[in-house]
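Peer 1: Sequence isn't available, so here's the structure alone:
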């Protein structure tokens, strides 16, 4: 294929006409597809229905240690669930608190608590003139929404295939005491699917923050979410690295079974040092008498152990892989060599990240919507919803079927071509 | 029986010896009983096990409106659960958000959000020099713990059998703009079991707060928790009263099924005006993608409707009633006419409130503990854990069996007598 940049104005005009006609035909079809969010598909949810048989009216409702899960108490979760979540995060159960139905509220509560009560004795952030967070981007919009909601200033850090630009991270964190945190999705990052390299993790662990209450928010959302059995990424365990580097209290790690069992009805956990957990519990014990232990027991009964989790993830991968491949095949075939877009090929996670020509992302998303395919809003992957290059688009292949995914991607590449041609025509006008 | 105050010093000394001997005998028994918290008993939990059969791997997991409860979304709860919780609170479903596993976190989050984001546009409370709450007492220790945790100054309001002293409430609320809220357990109050009279509810609804962001925290924890079918209290519905009085936004109501289904694994809800709910949702939509809808569906499937709830509550009452009666019978028999204590005889709820002679509560609780019976700490029913008269003791009869409850109460009355005699001896010394 010839790169679009090399086409003459006349060739571009002809191509534009051709693409407009093609677009009108697709638009006629009246598609109604959603690839905006990382939602599990119905097939994945059906596959997990056995979970609901893991407890019934005849079940023993006690933990192995004899705690009745139907009654009040046990703030940090039943031992069985702690072990399960610890193994997912590759940490020790004593470093884990199992919480409610999803990890997002744990992250929100962690920020909220820091605002009102500080971090292990530090000044509450709401009493400070300035609080800043580093935000590797493209990143997860719901992270940025939390920090924005609390009026925390967000500083964009560029992402690389090895993780955030660590030169920049080190500089900011060591120089500015107003920087209190950084959002990370270290494995199969949202949306690029990058996994932080060992060197990146070690540099994180060795940070020398100007602020004593600086914390790494390590959202290990895709810890066991491999797409391929033969080529999965591995992530260095950060709690241990931080401890080795003399920074035992510097990280909060988050994980959940939202994309292992059921989305929003799973169990979630935070892992951290004893110092951090003790401080968290001072608030948690006021906030709740305990999280839902029956759901914790349900998960422990069903999955048994980390092998049960891994077996389930292989089944998830079997459902997800064809969708990722449908997208990637079409992108390769239709856009390869055209020089109007670049995209990632992750080994796991829930997203493919697409970078269009500068200034094209919003228009591509709008065009897709016009023809019935909803994508994540352009800009959503950047702090304040503003992608400075208007280039990044997050593709979420999980929810539609592979056939729908192919249809949606056909439309997507058509829109990428169309918008790119128009952009090039503007330039040559 | 002769009142202890009328006994001579010699009679008191003899009685003291007799009681000491009796105490030593009970102490020998090595009791291990807990009547400290309002925990459902094992019999109650067993009675609810059918809940776990309400969903299995063959179940339809969609709501009647077609929403898949296994996937993300639907912030304010599935319609079936909204209706159920609305009926418990006698409000409309559109005034309800169904949240997570218990109501305490909703209350905590409501205070926390007010600290960081204010109330419907008001200044965040953390930016104010002073924030105060009215605390009818004796009251619920976990309410007071929340306000204390956020550094909110607590002002004790005396309780009467008709509810809080409304003259005082009206005066404080209308005069002091720093007063931002009041904690209420309006039906079968914790610990006295009082239900607010219609007049009290109307006076609440007609308050003229100096602070625009003043809110009533209406913890309707025992809305359907009657002990007797033939003499239950009824509570005027406050949302409607507030609206009629021109104060539609003045109240947040909270409820849960913690003592209907399973403690800490139920569903919980907040009811309020559209204005309040819209404001809450601005934060909630950042805090969570949605609460556990599978547990909501489980509850809706099992209870079906308010009739199902009421039927369950009759069964709970059958288990609870003998325990309350065991306590009350012994109190009547052993302490009646002695003038060393007064107690409530509630028609519902989870507690009996006992008022000892001034300056005796701590010592009574300590004596009980010495002989193996754990009571709620004396003072816990007052702000800052400080009962100015050191008089109130909360008795929670729900968890032990009726036989254990009788044993525990035998010890309790013995300790009340013993400590009272010693107190009177001190006075005559």
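Peer 2: Perfect, thanks for sending it. Source: prediction; values computed, not measured.
Peer 1: I'd like to know how many residues surround the residue nearest to residue A:287 when sequence neighbours are not counted.
Peer 2: Distances taken as Cβ to Cβ, 6 or more residues apart in numbering or on different chains place residue B:108 nearest to residue A:287, at 4.2 Å, with adjacent residues excluded. For the C-beta atoms, the positions are set from N, CA and C on the backbone; glycine is no exception. Close neighbours of residue B:108, defined as other Cβ atoms under 10 Å in any protein chain shown, add up to 22.
Peer 1: so what's residue B:108 up against?
Peer 2: Going by Cβ atoms under 8 Å, 6 or more residues apart in numbering or on different chains, residue B:108 touches A:286, A:287, A:288, B:146.
Peer 1: Could I get the pLDDT score of it?
Peer 2: Residue B:108 is assigned 98 on the pLDDT scale.
Peer 1: you'd agree it is in a helix?
Peer 2: Yes: Residue B:108: assigned to a helix according to DSSP: H, G, I helix; E, B strand; the rest coil.
Peer 1: my read: residue A:74 touches residue A:290, true?
Peer 2: Yes: using Cβ atoms under 8 Å, residue A:74 is in contact with residue A:290, at 5.4 Å.
Peer 1: Name whatever forms a beta bridge with the nearest residue to residue A:153 once chain neighbours are set aside.
Peer 2: Computed as Cβ to Cβ, 6+ apart, the closest residue to residue A:153 that is not its neighbour in sequence is residue A:132, at 4.5 Å. Counting by DSSP bridges, residue A:132 is bridged to residue A:153, residue A:179.
Peer 1: In contact with residue A:132, which residues?
Peer 2: A:152, A:153, A:154, A:155, A:176, A:178, A:179, A:180.
Peer 1: What's the local residue count around residue A:248?
Peer 2: With other Cβ under 10 Å as criterion, residue A:248 counts 17.
Peer 1: Oh, that last question was meant for residue A:24, not what I typed.
Peer 2: Residue A:24 has 10 nearby residues by other Cβ under 10 Å.
Peer 1: Please state the offset of the strand or helix carrying it from the chain centre?
Peer 2: Per DSSP states H and E: residue A:24 is located in helix A:9-29. Relative to its parent chain, helix A:9-29 has a centroid offset of 35 Å by Cα atoms, centre = their mean, to the nearest Å.
Peer 1: Over to stretch A:225-232?
Peer 2: Distance, centroid of stretch A:225-232 to centroid of chain: 17 Å (Cα atoms, centre = their mean).
Peer 1: Tell me how far the nearest residue in space to residue A:286 that is not next to it in sequence lies from residue A:282.
Peer 2: Nearest residue to residue A:286 in three dimensions, chain neighbours excluded: residue B:149, at 4.5 Å (Cβ to Cβ, 6+ apart). Residue B:149 is 8 Å from residue A:282, where distance means Cβ to Cβ, to the nearest Å.
Peer 1: and if you look at residue A:110?
Peer 2: Applying Cβ to Cβ to residue A:110 and residue A:282 gives a distance of 13 Å.
Peer 1: Mind checking which of those two has more residues around it?
Peer 2: Legend: neighbour count by other Cβ under 10 Å for residue A:110 and residue A:282, higher for residue A:110 (22 against 12).
Peer 1: Now do the contacts for that one.
Peer 2: A:217, A:252, A:270, A:280.
Peer 1: Give me the contacts around the helix or strand of chain A at the bottom of the mean pLDDT ranking.
Peer 2: When each helix and strand of chain A is scored by mean pLDDT, DSSP states H and E, strand A:33-35 comes last, with a mean of 89. With contact meaning Cβ under 8 Å, 6+ apart, strand A:33-35 is reached by A:372-376, A:395-397, A:399-400, A:404-405, A:407-408.
Peer 1: Filter those residues down to the ones in strands?
Peer 2: Applying DSSP state E to the contacts of strand A:33-35, the entries found in strands are A:373, A:374, A:375, A:395.
Peer 1: any idea which of those residues is closest to chain B?
Peer 2: residue A:374 (13.9 Å; Cβ to the nearest Cβ).
Peer 1: Spit out the contact partners of residue A:47.
Peer 2: A:312, A:315, A:316, A:319.
Peer 1: Among those, name the buried ones.
Peer 2: A:312, A:316, A:319 (16 or more other Cβ atoms under 10 Å in any protein chain shown).
Peer 1: Counting neighbours, which bits of stretch A:148-161 end up buried?
Peer 2: A:148, A:149, A:150, A:152, A:154, A:155, A:156, A:157, A:159.
Peer 1: related to what we said a few turns ago, farthest-apart pair in the contacts of residue B:108, please.
Peer 2: Farthest pair in the contacts of residue B:108 (Cβ to Cβ) is A:288 and B:146. Separation: 10.8 Å.
Peer 1: Next up, the contacts around the residue nearest to residue A:376 when sequence neighbours are not counted.
Peer 2: Once flanking residues are discounted, residue A:376 sits nearest to residue A:394: 4.3 Å by Cβ to Cβ, 6+ apart. Shown here is residue A:394, whose contacts under the criterion Cβ under 8 Å, 6+ apart are A:138, A:190, A:191, A:351, A:352, A:353, A:354, A:375, A:376, A:380, A:381.
Peer 1: In TSV: those, plus pLDDT, secondary structure and neighbour count.
Peer 2: As requested, the contacts of residue A:394 are arranged in TSV below (pLDDT from 0 to 100; DSSP: H, G, I helix; E, B strand; the rest coil; neighbours: other Cβ atoms under 10 Å in any protein chain shown):
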residue	pLDDT	secondary structure	neighbour count
A:138	98	coil	28
A:190	97	coil	24
A:191	97	coil	30
A:351	97	coil	28
A:352	97	strand	24
A:353	98	strand	22
A:354	98	strand	26
A:375	94	strand	25
A:376	92	coil	21
A:380	96	coil	24
A:381	97	coil	25
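Peer 1: per-residue confidence for the residue nearest to residue A:376?
Peer 2: On the pLDDT scale, residue A:394 gets 97.
Peer 1: picking up where we left off before, ok, of the buried residues of stretch A:148-161, which one's closest to chain B?
Peer 2: residue A:149 (4.5 Å).
Peer 1: phi, psi of the closest one?
Peer 2: When quoted as degrees, to the nearest 10, the phi and psi of residue A:149 stand at phi -60, psi -30.
Peer 1: ok, it to residue B:243 distance?
Peer 2: 30 Å.
Peer 1: Run a quick neighbour tally on the nearest residue to residue A:71 once chain neighbours are set aside.
Peer 2: Spatial nearest neighbour of residue A:71, excluding adjacent residues (Cβ to Cβ, 6+ apart): residue B:263 at 4.8 Å. Neighbours of residue B:263 under the rule other Cβ under 10 Å: 28.
Peer 1: Is residue B:263 within a helix or a strand, and which one?
Peer 2: Assigned by DSSP H and E, residue B:263 falls outside every helix and strand.
Peer 1: Regarding chain A, what is its longest helix?
Peer 2: Ordering each helix of chain A by length in residues (DSSP state H) puts helix A:306-335 first.
Peer 1: coming back round to it: so residue A:74 and residue A:290 - more neighbours on which side?
Peer 2: Between residue A:74 and residue A:290, counted using other Cβ under 10 Å, residue A:290 has the larger neighbour count: 24 against 20.
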